[in-house]
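# coordinates only, sequence not included:
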């Protein structure tokens, strides 16, 4: 399962979805959207409250539940079980370090949580026909 944390307005959400969709397509897994940031109160006056806006597009629309998000981080398991499970089902938590293209994202496994804006078509150019559709 690929989970994409959605933040910002529609344009930002479109890039976040497209980057996650690319990984999901390549890894043959499902994509889920994490709306927790959009649903929460803004942390301070510098953050503008935004709504989920991708519903008007023809996308695979599935939302991650709190237990699914916790599961992808292994928070429900003890240390020993987490290590064992991680070797079988590797999981990545990827926070975008800066606004430049990150080539390592192409290697993301089928269990990945994306936290970032991913604002370049380089993340999904190889599935651009799917994204445009």
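Cool, got the structure. As the structure is a prediction and not an experimental result, all values here were calculated from the model.
# ok, then the element right after the longest helix along the chain?
Secondary structure of the chain per DSSP state H: the longest helix is helix 10-27. Per DSSP states H and E, the first helix or strand lying C-terminal to helix 10-27 is strand 31-34.
# contacts only, for the nearest residue to residue 16 once chain neighbours are set aside.
Spatial nearest neighbour of residue 16, chain neighbours left out: residue 4 (5.0 Å); criterion: Cβ to Cβ, 6 or more residues apart in numbering. C-betas here are computed from N, CA, C, even on glycine. By Cβ atoms under 8 Å, 6 or more residues apart in numbering, the residues touching residue 4 are 16, 17, 19, 20, 31, 32, 33, 34, 114.
# next, format those residues as JSON lines and append neighbour count, pLDDT and distance to residue 9.
Formatted as JSON lines, the contacts of residue 4 follow (neighbours: other Cβ atoms under 10 Å; pLDDT from 0 to 100; distance: Cβ to Cβ, whole Å):
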{"residue": "16", "neighbour count": "26", "pLDDT": "96", "distance to residue 9": "11"}
{"residue": "17", "neighbour count": "24", "pLDDT": "97", "distance to residue 9": "13"}
{"residue": "19", "neighbour count": "28", "pLDDT": "96", "distance to residue 9": "16"}
{"residue": "20", "neighbour count": "28", "pLDDT": "96", "distance to residue 9": "17"}
{"residue": "31", "neighbour count": "23", "pLDDT": "95", "distance to residue 9": "20"}
{"residue": "32", "neighbour count": "22", "pLDDT": "96", "distance to residue 9": "20"}
{"residue": "33", "neighbour count": "23", "pLDDT": "97", "distance to residue 9": "15"}
{"residue": "34", "neighbour count": "24", "pLDDT": "96", "distance to residue 9": "16"}
{"residue": "114", "neighbour count": "26", "pLDDT": "93", "distance to residue 9": "17"}
